[in-house]
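1. take this sequence and fold it.
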Amino acid sequence: MKATATKYGGVAERVTESMTPAQARRLKGLAEEAYQPERYAADLSFEEAARRIEALKAEIDLADSF
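-> Residues are numbered from 1 along each chain as shown. Okay, the predicted model is just below:
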């Protein structure tokens, strides 16, 4: 039996779909907080937005640790 990646939020589906409105708000807020507004773009995929959100959160956490 062959499994398809597009069922139940599979990888192929997440890579091609656009970021959610919640991701857009979160990414824009984090980019502004980190003084990196260029990290926000309205046309990102779901996965790219998730990667950028995680990276910005890590950078902010690191800066807050000093």
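
2. tell me where the protein has strands.
-> In the chain, no strands are defined using DSSP state E.

3. could you check the pLDDT of the nearest residue to Thr16 once chain neighbours are set aside?
-> Leaving out its chain neighbours, the residue that sits closest to Thr16 by CB to CB, 6 or more residues apart in numbering is Ser45, at 6.8 Å. Heads up, the C-betas are built off the backbone N, CA and C, glycines and all. On the pLDDT scale, Ser45 is placed at 96.

4. my read: Ser45 touches Ala24, true?
-> No - in this structure, Ser45 is not within contact of Ala24 by CB atoms under 8 Å, at 11.9 Å.

5. low-confidence stretches in this protein?
-> Across the chain, the ranges flagged by pLDDT under 70 are 1-15.

6. what's the single longest helix in the protein?
-> Determined from DSSP state H, the single longest helix within the chain is helix 46-64.

7. pull out the buried residues from it.
-> Applying a neighbour-count criterion of 16 or more other CB atoms under 10 Å, one finds Phe46, Glu48, Ala49, Ala50, Arg52, Ile53, Leu56 buried in helix 46-64.

8. next one: it to chain centre, how far?
-> What separates the centre of helix 46-64 from the centre of its chain is 8 Å, taken as CA atoms, centre = their mean, to the nearest Å.

9. tell me what it is packed against?
-> Counting by 3 or more CB pairs under 8 Å, 6 or more residues apart in numbering; DSSP states H and E, the packing neighbours recorded for helix 46-64 are helix 11-16, helix 21-33.

10. just checking, what packs against the last one?
-> By that I understand helix 21-33. Secondary-structure packing of helix 21-33 (3+ CB pairs under 8 Å, 6+ apart): helix 46-64.
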